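**Q** Next one to model:
(chains A and B)
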Number of protein chains: 2
Amino acid sequence: MTETAKPRKRAGGRAGNPRRTRREVIAQSPWRVPRNTDRPTEPLDEAGVAAIHDGAMRILEDQGIEFLNGEARAVLKQAGCLIEGTNVRMGRAFVMEMLAQAPDRFTITPRNPARAVTIGGDHMVFVNVSSPPNYWDMEVGKVSGTRRHCADLLKLTQYFNCIHVAGGYPVEPVDLHPSVRHLDVLFDKLTLTDKVAHAYSLGRERVEDVMEMVRIAAGLSHEAFAAKPHMYTNINSTSPLKHDDLMLDGYMRHVRRGQATVVSPFTLAGAMAPVTIAGAVAQSIAEGLSVIAMAQFIRPGAPCAFGTFTSNVDMKSGAPAFGTPEYIRATQMTGQLARFYGLPLRSSGVCAANVPDGQAMWESSNSLWAAVQSGTNMVYHAAGWLEGGLIASPEKFIMDCEVLQQIERYFDPGVCATTPDDIAIEAIREVGPSGHFFGIEHTQARYEKAFYQPFLSDWRNYEAWDLAGGVWTAERAHHLFKEIIASFEPPAMDAAIREELADFVARRKSEGGAPTDF
Amino acid sequence: MTETAKPRKRAGGRAGNPRRTRREVIAQSPWRVPRNTDRPTEPLDEAGVAAIHDGAMRILEDQGIEFLNGEARAVLKQAGCLIEGTNVRMGRAFVMEMLAQAPDRFTITPRNPARAVTIGGDHMVFVNVSSPPNYWDMEVGKVSGTRRHCADLLKLTQYFNCIHVAGGYPVEPVDLHPSVRHLDVLFDKLTLTDKVAHAYSLGRERVEDVMEMVRIAAGLSHEAFAAKPHMYTNINSTSPLKHDDLMLDGYMRHVRRGQATVVSPFTLAGAMAPVTIAGAVAQSIAEGLSVIAMAQFIRPGAPCAFGTFTSNVDMKSGAPAFGTPEYIRATQMTGQLARFYGLPLRSSGVCAANVPDGQAMWESSNSLWAAVQSGTNMVYHAAGWLEGGLIASPEKFIMDCEVLQQIERYFDPGVCATTPDDIAIEAIREVGPSGHFFGIEHTQARYEKAFYQPFLSDWRNYEAWDLAGGVWTAERAHHLFKEIIASFEPPAMDAAIREELADFVARRKSEGGAPTDF
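**A** Next up is the predicted model:
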């Protein structure tokens, strides 16, 4: 646990009270990675799993996947795959032999080792929203993301104990030139958070720069960095059936340096995948496994997770839909396949809603329960996502964190304990048919920790809530956002390391950063 | 299916378009009772189930339950139970012998036989909100319920195909004197809806009046009425460990007339039940089984469901909390016990939120997913509940219906089908690595029914949504509410039956209705 121990006064933002300190804004749950002890929901029988597996294998064997990266094709040729142009076909025996080498769980250790997370097994890790180009809050509405918005969302990422991983850019800071964007954002991320970080696989320079910055921030030698996962990348396929050049490049760089990887085919049924859910899942399995097989050939035992991003489009408008019944089932089905292959699973906390209202929360709840029911190990976009990923919102972030904390509490084994003390026969006898349980010793000894305590839900009665202003949830979240940012304290970082990071950024900027054609 | 076939023009309300007809307001899902095919989530192992069962049996054997109704005590004395004053103790052998006679499912047939519902097995039936004393909508705010509010909510109950049962009064019409309230509301309910109705167990006259009205509305002889369930009652215990006089009276009247019953102990952990969830569940099991055992002794095979209403209070304010992690687990645990006893299960769609915002929807989603995960057969308050049951809201009703429709779709077996047509290898081959699936025959043949179509969720992008007014979910629901009420068409009813009902109400009113002391 690394909450900064010493409160420090600061000026505070517009809504900030200068006397407030970070630890006073809310009483949140402590850092804990929940263990998903529920038996997964499995809509497919054995034959159904076999049918999707067979479909995926037939795609890989008969039709193949386009690998737009020459080095990847060379590796796969060496592995015995059939290469024709950019098309790669691989046999199921090879795929299954490679998958047998993939670990069913792995640990990623960031600069603060207390924030290490295990991906796989029954661990359930929550990642902040990543990659929306736009920012929305109740004050400014929808605007293009900036470095300040991005930093604010990184502060929320650090502040909330229920967010375990600082994934991609929580909003794309389009005010930063793409050649140096990764340098500035990673500097912000590595100084404002001490949680696991991520590199976008968007070209050699960016990937190498981010790896180097993560290494510097953790104070590691090159050898120590490569000895185990300290960060990860996530790549998407270009569905249908295609893997991008730069994505593969970055993915392989992570594999070779011993860092973790996630491959998340983005198969929207009816658009870039079949209109049938089983078909969309089979295609995503084929796309994902082709890359994981490559990773295992390059480095047997490489830490690889499979990501599902199968949903559907709205057939009226073509817009992607999220948190739908079909999305839930696709996630559960993919969970069955991930267990069949022995791979950790990534899914997401997603919605199509444009603002943090009722729709946003039922869609997000659907996708978070799908994550629980599918045995998801890594929940991307668990807090802050709106408009199908086009908007990052601090209010939504904070509302989602309330739900995430509840899932953590849901998995607290104490809730379902059945010791004689829990059955409480003596307490029931003591109270009898006319009494009340509040006053008795059995209650008094337990009441402070007996139940989940929300920080955002308002449980007052209507009149008390109304008297206090009658504030709806999104607006309450907005106020909390202002207070949290105003009182934010960055995690401790050694001054020499911070300087080394700053120097690295300055040097790489002076060298022009990553090449762009504009 | 009984949608009125012929649209009829009517004046319409404030927001109503006189040219709109009922069937045009939204395109909703057809009437269908979902079958819950998911394996339930079971947080307890066998020993945990045995521990709660043993706790409940010890309460029944050693401490007993207060039965405040003399006739009930006489029945239980005859059954061999130990009676001391109002206290009744019963042995586990007797309880289990009685439960062995209880059916694991039963069917309730209302005046329209197409609306018959089966309670039990894998059936999942949704009931409207019942019994809040207050009404809230975005126009009037929170006010005491009236007959008009009640009728509006009954219209929503009838309108939405995903609401299968017209439970209690969707809001208490406090403008009607309690002596005749049941007559007026049942007249409204039986003429505005054709779905299963319910009688409050609030005294002999009310119960007998409602039974008679349900019989008249269905055009049944007294014998045909008593031959199978046409309605039901739900009673709550007066926790801890007490059953009210009038509740027991009404319950027994239903049992004797062959009508269905639900007993739902209202055990809020930390207040009227132990602060520990297992203790609160054990107490609720003891309270509920004591009454179901009595029912089976009176009439072996009587259709009885067990209702769970175990949640917790906010230990800061004493206010009840709903849709919490503890609530979810309590519901799942009670589901395990209900299956152990072979009884159909009732739970609820509940929240503590005061308005239909984000909090309302995450709390309601939590409780609806708990209903799914627990194998709940009858979901009370599935649409329209706010403020821990103190408010009924039409906006919340409509928002909940969107979620209920999604649960219905979630259980559509087609979503997870894995036939060769679903795996869609040929479609994937046809599109190849550079195409799009929308145009192909495989998609075109399926797209209209491939995915859930919402009526309230707005899936447009932000700009299109903003251009159309940027309306948040609750306000969209408010507009729909106005339109639905303005275009509402009551279900068909024979004029003679309607007259007989009206005559009955007039006669009973002239007799003074049900006695009150004011």
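**Q** What parts of the stretch 51-200 of chain A come near chain B?
**A** A:51-52, A:54-55, A:58-59, A:62-63, A:65-66, A:87, A:134, A:136, A:142 (CB under 8 Å from any CB of the partner chain). For the C-beta atoms, the positions are set from N, CA and C on the backbone; glycine is no exception.
**Q** Just those residues: which are in helices?
**A** Using DSSP state H, the subset of those located in helices is A:51-52, A:54-55, A:58.
**Q** In TSV: the residues you listed, plus neighbour count and pLDDT.
**A** Output for these, formatted as TSV (neighbours: other CB atoms under 10 Å in any protein chain shown; pLDDT from 0 to 100):
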residue	neighbour count	pLDDT
A:A51	20	98
A:I52	27	98
A:D54	16	98
A:G55	25	98
A:R58	17	98
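**Q** Next, format those as a markdown table and append distance to B:S434.
**A** Compiled in a markdown table, these are given as follows (distance: CB to CB, whole Å):
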| residue | distance to B:S434 |
| --- | --- |
| A:A51 | 27 |
| A:I52 | 24 |
| A:D54 | 25 |
| A:G55 | 21 |
| A:R58 | 20 |
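**Q** Just want the residue of the stretch 201-350 of chain A that's nearest chain B.
**A** A:G279 (3.2 Å; CB to the nearest CB).
**Q** what about that residue, which SS state?
**A** Here A:G279 is recorded as helix under DSSP: H, G, I helix; E, B strand; the rest coil.
**Q** For B:A370, see how far away it is.
**A** Distance from A:G279 to B:A370, counting by CB to CB, to the nearest Å: 32 Å.
**Q** Then A:G258?
**A** For A:G258, the distance to B:A370 equals 42 Å [CB to CB].
**Q** More neighbours: which of the two?
**A** Remark: of A:G258 and B:A370, B:A370 carries more neighbours, 30 against 16, as counted by other CB atoms under 10 Å in any protein chain shown.
**Q** what's the average pLDDT for the helix or strand hosting that one?
**A** Using DSSP states H and E, B:A370 maps to helix B:358-374. What helix B:358-374 shows for mean pLDDT is 98.
**Q** centre of the chain versus that helix, how much separation?
**A** On the basis of CA atoms, centre = their mean, to the nearest Å, helix B:358-374 sits 14 Å off its chain's mean C-alpha point.
**Q** and whichever helix or strand comes after that helix, which strands flank it?
**A** Per DSSP H and E, the first helix or strand lying C-terminal to helix B:358-374 is strand B:378-383. When pairing is defined by DSSP bridges, strand B:378-383 lines up against strand B:125-128 (parallel), strand B:345-348 (parallel).
**Q** How about residues contacting the last one?
**A** In other words, strand B:345-348. When contacts are defined by CB atoms under 8 Å, 6 or more residues apart in numbering or on different chains, strand B:345-348 is touched by residues B:119, B:234, B:262, B:264, B:305-309, B:322, B:331, B:334-335, B:338, B:367, B:370-371, B:374-382, B:385.
**Q** So which residues of the stretch 351-500 of chain A form helices?
**A** Taking DSSP state H, counting those that start in this stretch to define them, one finds helices in the stretch 351-500 of chain A at A:358-374, A:394-410, A:420-423, A:425-431, A:441-444, A:447-450, A:462-467, A:473-486, A:495-510.
**Q** Mind giving me the packing neighbours of the second one?
**A** Think helix A:394-410. Helices and strands touching helix A:394-410, by 3 or more CB pairs under 8 Å, 6 or more residues apart in numbering or on different chains; DSSP states H and E, are helix A:147-159, helix A:358-374, strand A:378-383, strand A:385-386, helix A:473-486, helix B:325-341, helix B:358-374.
**Q** And for the first one?
**A** In terms of contacts (3+ CB pairs under 8 Å, 6+ apart), helix A:358-374 is packed against helix A:325-341, strand A:345-348, strand A:378-383, helix A:394-410, helix B:358-374, helix B:394-410, helix B:473-486.
**Q** the inter-axis angle of the fourth one versus helix A:473-486?
**A** For helix A:394-410 and helix A:473-486, the angle between their directions (axes from the mean of the first three to the mean of the last three CA atoms, to 10 degrees) works out to 90 degrees.
**Q** Quick one: mean pLDDT over helix A:394-410.
**A** Rounded mean pLDDT across helix A:394-410 is 98.
**Q** just the first one next, same as before
**A** Averaging pLDDT along helix A:325-341 gives 98.
**Q** quick one: buried residues of that helix?
**A** For helix A:325-341, a neighbour-count test (16 or more other CB atoms under 10 Å in any protein chain shown) marks A:325-341 as buried.
**Q** and the gap between A:E24 and A:P394?
**A** Counting by CB to CB, the gap from A:E24 to A:P394 is 19 Å.
**Q** Which one's more surrounded, those two?
**A** Set A:E24 next to A:P394 and count neighbours by other CB under 10 Å: A:P394 wins out with 30 against 12.
**Q** Skipping adjacent residues, who's closest to that one in space?
**A** Excluding the flanking residues, the one nearest A:P394 by CB to CB, 6 or more residues apart in numbering or on different chains is A:F481, at 4.3 Å.
**Q** Now do the contacts for the one you found.
**A** Residues counted as contacts of A:F481 (CB under 8 Å, 6+ apart) are A:137, A:152, A:156, A:394-395, A:397-398.
**Q** cool, A:E408 as well?
**A** A:29, A:32, A:34, A:162 are the contacts of A:E408 under CB under 8 Å, 6+ apart.
**Q** Report the two of the residues you listed separated the most.
**A** A:S29 and A:P34 (10.2 Å; CB to CB).
**Q** more crowded one of those two?
**A** With neighbours defined as other CB under 10 Å, A:S29 and A:P34 compare such that A:P34 has more, 21 against 18.
**Q** and the more buried one, how far is that from A:P40?
**A** 15 Å.
**Q** Looking at A:E24 now. What's its pLDDT?
**A** A:E24 is given a pLDDT of 76.
**Q** OK, contacts around A:F67?
**A** Per CB under 8 Å, 6+ apart, neighbours of A:F67: A:73, A:76, A:86-88, A:243, A:248, A:290.
**Q** Since that was my last question, I'll sign off now.
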